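Asker: next come a sequence and a model predicted from it.
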Amino acid sequence: MNRSSKIPAPLNLRAGEWVEVLSAPDILATLDDKHELDGLPFMPEMLQYCGRRFQVFKSAHKTCDTIEHYVIRRMSATVHLKELRCDGAAHGGCQAGCLLFFKEAWLKRAAALSHEVKAGAQTKLTGINSSALAALNASAHAEPLEGDPRIRYRCQATELLRATTQVRRRDRWNPAFYLRDLTSGNVAPGEFFWYGARAALNAFLLRFFKRRLPHISGRATGKTKPSTANIREGERVRVRRKTEIEQALDAGQRNRGLWFDVEMLPYESSEHTVLRRVERIVNEKTGYMMAFANDCLILDGVVCGGLHSNCRMFCPRSIYPYWREAWLERTATPSRSAIAPPVTEAHAAVK
């Protein structure tokens, strides 16, 4: 399959605008033989949204590198659409729930809907033949590494470095670099100036005092112990206080290998519903499925805000942070429907 000779001009979409996802044949016509546009794959999980209208959540003119250095990178003519996350159906049931990237070439501006349509609603897929569908499904698999017989996957997360460009270190400290976060509607003016000033303060603190705000220090002595709480999907939990969380973290801010990110601190003492227990995700660096050896949960509506990180300021990717049960506490006795038999621990540890 060859990429169309003419890609539509960028739409320069802003947060809040309404768009319609193009038909499957129109999108496939923009893709190269790897089913990519500018290095970004169009994944089988995205077909269900063709021909439907959604609101732009945020411009993805920047995103964070979660493969190598956890720093911000540039991306062109791409957006995130409200509530549209990967369900992992074509990628071994991966449970990471990544926010999907949509190239503007796969969209067109549309009028707002007169009624709300849930992202999970199904649509009838038309205009794509069985061979094209099979080829798209096959594109979710990558060639195994030499000597490793396991299934290896490729997705937007594994190909992110190829779909983005590096941001020079000096540009990450240049206020002008962040203006598009404001003009795109990704960040409100109040947030922009408040967190911009805070970032400037942190630059000073890091340089002269090797410390930043907010600050978290692991205080656990010895190996952190596994939890036996067995918190299940649908239960209500409260994020523990910072001082309690620190007691369950080692000096590297980890609990049995799982890192507590500074972007999780704003949720201290707040209550949330457990969206699901995470047992397996695609390793973004290798493409292989990895299993969690210990408890790992994601909370409904709790995402990385990109407001406190040193090198990921205003990142719009809204990744679900992973939580240990030791960092949470139940807020009420679980209902019978929320209680499930314990899940046997998976065989691989989180690195």
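Answerer: Okay, I see it. Residues are numbered from 1 along each chain as shown.

Asker: from here on, contacts and neighbour counts on C-alpha atoms
Answerer: Will do.

Asker: quick one: the strands in the stretch 101-250 of the chain?
Answerer: 102-103, 107-109, 141-142, 152-153, 165-166, 236-239 (DSSP state E, counting those that start in this stretch).

Asker: go through stretch 186-196 and flag the buried ones.
Answerer: Across stretch 186-196, burial judged by 16 or more other Cα atoms under 10 Å covers Asn186, Val187, Phe192, Tyr195, Gly196.

Asker: closest to Leu13 out of those?
Answerer: Closest approach to Leu13 among the buried residues of stretch 186-196 (Cα to Cα): Asn186, at 10.8 Å.

Asker: OK, contacts around the closest residue in space to that closest one that isn't next to it in sequence?
Answerer: Once flanking residues are discounted, Asn186 sits nearest to Lys58: 5.3 Å by Cα to Cα, 6 or more residues apart in numbering. Contact partners of Lys58, counting by Cα atoms under 8 Å, 6 or more residues apart in numbering, are Arg14, Ala15, Gly16, Val79, His80, Leu81, Lys82, Ser184, Gly185, Asn186, Pro316.

Asker: just give the number of residues close to the first one.
Answerer: Here the number of neighbours of Arg14 (other Cα atoms under 10 Å) works out to 19.

Asker: I'd guessed it sits against Leu182; true?
Answerer: No. Counting by Cα atoms under 8 Å, Arg14 does not reach Leu182; the two are 10.0 Å apart.

Asker: tabulate the contacts of Lys58 (CSV), appending secondary structure, pLDDT and distance to Arg169.
Answerer: Listed next are the contacts of Lys58 as CSV, based on DSSP: H, G, I helix; E, B strand; the rest coil; pLDDT from 0 to 100; distance: Cα to Cα, whole Å:
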residue, secondary structure, pLDDT, distance to Arg169
Arg14, coil, 97, 26
Ala15, coil, 98, 27
Gly16, coil, 97, 31
Val79, strand, 98, 24
His80, strand, 98, 25
Leu81, strand, 98, 29
Lys82, coil, 97, 31
Ser184, coil, 97, 23
Gly185, coil, 97, 24
Asn186, coil, 97, 22
Pro316, coil, 97, 19
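
Asker: how near is Ile27 to Asp171?
Answerer: From Ile27 across to Asp171, the span is 33 Å (Cα to Cα, to the nearest Å).

Asker: more neighbours: which of those two?
Answerer: Ile27 (21 against 11).

Asker: count of neighbours near Arg154?
Answerer: Count around Arg154 with other Cα under 10 Å applied: 23.

Asker: so what's it up against?
Answerer: Taking Cα under 8 Å, 6+ apart, we find Arg154 in contact with Ser139, Ala140, His141, Ala142, Gly287.

Asker: thought Ile7 was touching Thr30?
Answerer: Yes. Proximity of Ile7 to Thr30 meets the contact threshold set by Cα under 8 Å, at 6.7 Å.

Asker: show me where this structure has helices.
Answerer: Per DSSP state H, the chain carries helices over the ranges 24-28, 130-138, 160-163, 169-172, 179-183, 189-209, 242-246.

Asker: least confident of the ones you listed, on average?
Answerer: Ranked by mean pLDDT, the helices of the chain bottom out at helix 169-172, with a mean of 84.

Asker: about what we covered before: who wins for proximity to Asp250 among the strands of the stretch 101-250 of the chain?
Answerer: Using Cα to Cα, the strands of the stretch 101-250 of the chain put strand 236-239 closest to Asp250, at 18.3 Å.

Asker: just the C-alphas of that closest one, formatted as CSV.
Answerer: Listed next in CSV are the C-alpha coordinates belonging to strand 236-239 (Å, rounded to 0.1, in the frame of the first residue of the first chain):
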residue,chain,number,x,y,z
ARG,A,236,-13.9,3.4,46.1
VAL,A,237,-10.4,4.3,47.4
ARG,A,238,-8.7,7.3,49.0
VAL,A,239,-5.1,8.2,48.0
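
Asker: surely Cys64 meets Arg312?
Answerer: Yes. Counting by Cα under 8 Å, Cys64 does reach Arg312; the two are 6.2 Å apart.

Asker: so between those two, which is more surrounded?
Answerer: Relative neighbour count places Cys64 above the other of Cys64 and Arg312, with 24 against 20, counting by other Cα under 10 Å.

Asker: apart from its neighbours in sequence, what residue is nearest the more buried one?
Answerer: Using Cα to Cα, 6+ apart, the nearest residue to Cys64 is Ile72, at 4.4 Å.

Asker: give the contact list for that neighbour.
Answerer: Contacts of Ile72 by Cα under 8 Å, 6+ apart are Lys62, Thr63, Cys64, Asp65, Gln166, Val167, Arg172, Cys311, Arg312, Met313, Cys315.

Asker: could you list which of those belong to strands?
Answerer: Lys62, Thr63, Cys64, Gln166 (DSSP state E).

Asker: just list whatever residues bridge to the second one.
Answerer: Taking DSSP bridges, one obtains Arg73 as the residues bridged to Thr63.

Asker: do the same with the last one
Answerer: According to DSSP bridges, Arg73 are recorded as the beta-bridge partners of Gln166.
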